[in-house]
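Student: Give me coordinates for this.
(one chain, ligands or ions: 3)
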Amino acid sequence: MSLLDKIDKENVPQHVAIIMDGNGRWAKSKGLDRTEGHKEGAVSVRKVAEAAARARVKFLTLYAFSTENWLRPQEEVNMLMELMVHTIAKETENLIKNGIRVQAIGDLQRLPKKTKSALLQCIEQTSSGKNLTLVVALSYSSRWELANAAKAIAVGVKNGVLDENSITEETISEYLATKDMPELDLLIRTGGEIRISNFLLWQAAYAELYFTDTFWPDFDEKCLYEAILDFQKKERRFGKTSEQLEKENQ
Ligand code: IPE
Ligand code: IPE
Ligand code: MG
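Tutor: Ligands and ions are numbered 1, 2, ... in the order given. Okay, here's the model as predicted:
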């Protein structure tokens, strides 16, 4: 029985997010330049996205470049922005063929023109994909997103569109970049670090967390399915007791 067959298709996480970490260390461990790690990481993106679609995951959000990553050496930033253009050009046809719709979250204004227009074109060309939505988090950080939401809500109150007394958790969710996406069910981080690095802080409130030492370029279909199988072993209580859940499921 393959790992894919072992996955209970009735309990697949609808929304999986991945902090794709470890490209640099993967390259170093092989005596290669960091660049090679990023290139190999792009190959993993394709494999994992297609694997997610096969498992019937509906949303896959990939942390590709954080707000803090702008602080990296300029040559590495330039290389990553170029790699994005190249990968999009190479993969768009394949994404369409696999019914994968691309979306993006993050401060896209900060991207170089070429990267931004390649991305917007890919979003447009893949927009009718029905199997999986692949959300690329680019120039994204959760605090940036929350600060933006606070600003937009303040403007709404000032203009009388919003009443401060009716602001709820749902209002905040509505003002986030993820507003049209299902709740985050499973958050995976590769590369061995046990931290969130400013990713989906609000959305991860009740996500199951999965950390693996595997470097992102080595993370493949099998690794994704292992994470999903681990998720399926969890009892998601959302504050309730096991006994309450048992009764509800009777
Ligand atoms: C993740 O790999 C990719 C990006 C952040 C763009 P890293 O480049 O962070 O790899 P390590 O953590 O140095 O190994
Ligand atoms: C997190 O990885 C960001 C992405 C995967 C895009 P980093 O490698 O930048 O995280 P830190 O800085 O080590 O926490
Ligand atoms: Mg890293």
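
Student: give me the element the residue of the chain found nearest ligand 1 is part of.
Tutor: Closest to ligand 1 within the chain is Gly24: 2.7 Å, counting by C-beta to the nearest ligand atom. Using the backbone N, CA and C atoms, a C-beta is placed for each residue, glycine as well. Using DSSP states H and E, Gly24 sits within helix 23-29.

Student: do that helix and ligand 2 meet at all?
Tutor: No: figure legend: helix 23-29 not in contact with ligand 2 (C-beta under 6 Å from any ligand atom); closest approach 7.7 Å.

Student: Kindly provide the whole-number mean pLDDT of that helix.
Tutor: Average pLDDT, helix 23-29: 98.

Student: so what's the residue of the chain closest to ligand 1 up against?
Tutor: Taking C-beta atoms under 8 Å, 6 or more residues apart in numbering, we find Gly24 in contact with 34, 37.

Student: Pull the contacting residues for the closest residue in space to Ala177 that isn't next to it in sequence.
Tutor: Take Ala177 and drop its neighbours on the chain: the residue closest to it by C-beta to C-beta, 6 or more residues apart in numbering is Ile105, 3.8 Å away. Shown in contact with Ile105 (C-beta under 8 Å, 6+ apart): 61, 135-138, 140, 145, 177-178.

Student: can you do 6 Å?
Tutor: 135, 137, 140, 177 (C-beta atoms under 6 Å, 6 or more residues apart in numbering).

Student: Out of the residues you listed, give me the two with the largest separation.
Tutor: Greatest spatial distance among those (C-beta to C-beta): Val135 and Tyr140, at 9.6 Å.

Student: Three-state assignment for the most centrally placed residue in the chain, please.
Tutor: When C-alpha atoms, centre = their mean is applied to the chain, the residue found nearest the centroid is Thr61 (1.9 Å). Here Thr61 is recorded as strand under DSSP: H, G, I helix; E, B strand; the rest coil.

Student: Kindly report the same for Ile18.
Tutor: strand.

Student: Over to the one 3 residues further on?
Tutor: What three-state DSSP gives for Asp21 is coil.

Student: hang on, it packs against Ile188?
Tutor: No: with contact defined as C-beta atoms under 6 Å, Asp21 does not reach Ile188; the gap is 10.1 Å.

Student: anything in stretch 213-228 near ligand 2?
Tutor: No: counting by C-beta under 6 Å from any ligand atom, ligand 2 is not contacted by stretch 213-228; separation bottoms out at 7.8 Å.

Student: how about that stretch: buried residues?
Tutor: The neighbour-count check on stretch 213-228 (16 or more other C-beta atoms under 10 Å) flags 214-219, 221, 223-225, 227-228 as buried.
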